[in-house]
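Trainee: Curious how this folds, go ahead:
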Amino acid sequence: MKNLCISILVVCLCVASSQGITVSDSNYQIESYASYYFGGIGNMKYICADDAGNLYVTHDGSTNGNIIKIDQDGVASSFVTGGKNFQSIVWGQGTKFGNSLYAAEVYLDRVISSDTSGSTGSFSVLPSQPIAIGLDRTGNYGGNMFVSTRYSNEIYQIDENGTSSLFVDWPETSAGGVSDIEFDTTGNYGGLMYVTSLTPSNSDTMGIFSIDDQGNVVRFLREGFGYTDMAFDTTDSEVFGGFLYAGADEKIWQIGYDGSETEFVLSENEDLYIWDITFGKDDAMYVLTSPLSFDSVNVYKITVIPEPCSLVLFGFGGLLLRWRRSA
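Mentor: Sure, this is the predicted structure:
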């Protein structure tokens, strides 16, 4: 005997593009999540998400750098002001670094900590200007924090007390070096630390590299290609396939476990630059973008399209029902 089943979904958004950027994979949809204009607080740099669903964006003003908070409704507001060139930012909950944000403050040679109210303090002072921050959530690196530096091009290991020690002396002496540090919590990439490196003067140190717990550096992705940011799929059920995603100027690439590259996001406008990627606790990918004029910030949200897509809304109320029969 067969049962007749009618699935009804009032609105099904089966689109994979939004004004500004497009998702190549038809299983995903994209929407504009937040946007704001800024002036005098420096260019946007990095984005992270906390466990409550808020996003944080750093700006690199030399004397008035800011951290902007974007709440769960997509509303942006000033969170930390007066910084001297903020760069990478991470959320510490679930690690020994606790319920705090940590941001690299370049011109003061330090990593700051901030509670959820925006009250800040100096957490760790480094010998040189910090850029990228990564937190070991794999446990393979002692659960410590790792920070790259500009010009000296080193990676330091920092414990929960803020005490730092040299971990890797990166093989590059000019400006550039390691721009992002991420850890493979999926296990699909060996549970290792991965870094992006962008040094236009030296193609040998451009690309994505893995680093083991002894500080040994191995190239993972192609030479001479300037990936600047990346993020592993940290969604609870690996909604994004458990893959690594890496950004390069106007694209985001999905990186296979074997290092293969598949275009995932493309800017529809060559003047729209992709700055950073993060995953939220809501199983969404957030993409930080800005036009090259640097006058505004746009954050896009990418989610998987719900299944089944049983009802499509046409025009002013026309409905198409798809019938499904089960034995």
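
Trainee: so where do the strands sit in the stretch 51-200 of the chain?
Mentor: Here the stretch 51-200 of the chain has its strands, by DSSP state E, counting those that start in this stretch, at 55-59, 65-70, 76-83, 86-91, 101-105, 110-114, 120-125, 130-135, 145-149, 154-158, 164-169, 178-183, 193-197.

Trainee: for those strands, which one sits closest to Ile277?
Mentor: strand 178-183 (9.3 Å; C-beta to C-beta). C-beta coordinates here come from the backbone N, C-alpha and C atoms, glycine included.

Trainee: angle of that closest one against strand 130-135?
Mentor: Here strand 178-183 runs at an angle of 10 degrees relative to strand 130-135 (axes from the mean of the first three to the mean of the last three C-alpha atoms, to 10 degrees).

Trainee: now strand 178-183, how far from the chain's geometric center?
Mentor: With C-alpha atoms, centre = their mean, to the nearest Å as the basis, strand 178-183 stands 10 Å off its chain's centre.

Trainee: next one: stretch 122-138
Mentor: Chain-centre distance of stretch 122-138: 16 Å, with C-alpha atoms, centre = their mean.

Trainee: Which residues are in contact with Asn144?
Mentor: The neighbours of Asn144, taking C-beta atoms under 8 Å, 6 or more residues apart in numbering as the test, are 136, 157-160.

Trainee: same question, Phe294
Mentor: Asn43.

Trainee: isn't there a strand covering it?
Mentor: No: counting by DSSP: H, G, I helix; E, B strand; the rest coil, one finds Phe294 to be coil, located in no strand.

Trainee: From here on, call the first residue 5.
Mentor: New numbering, starting at 5: the last item is Phe298.

Trainee: residues near the residue nearest to Gly69 when sequence neighbours are not counted, how many?
Mentor: Of all residues not flanking Gly69 in the chain, Gly87 sits nearest, at 3.5 Å (C-beta to C-beta, 6 or more residues apart in numbering). Neighbour count for Gly87, taken as other C-beta atoms under 10 Å: 27.

Trainee: With Gln97 instead?
Mentor: Residue neighbour count, defined by other C-beta under 10 Å, stands at 14 for Gln97.

Trainee: isn't it right next to Asn103, touching?
Mentor: Yes: using C-beta atoms under 8 Å, Gln97 makes contact with Asn103 at a distance of 5.0 Å.
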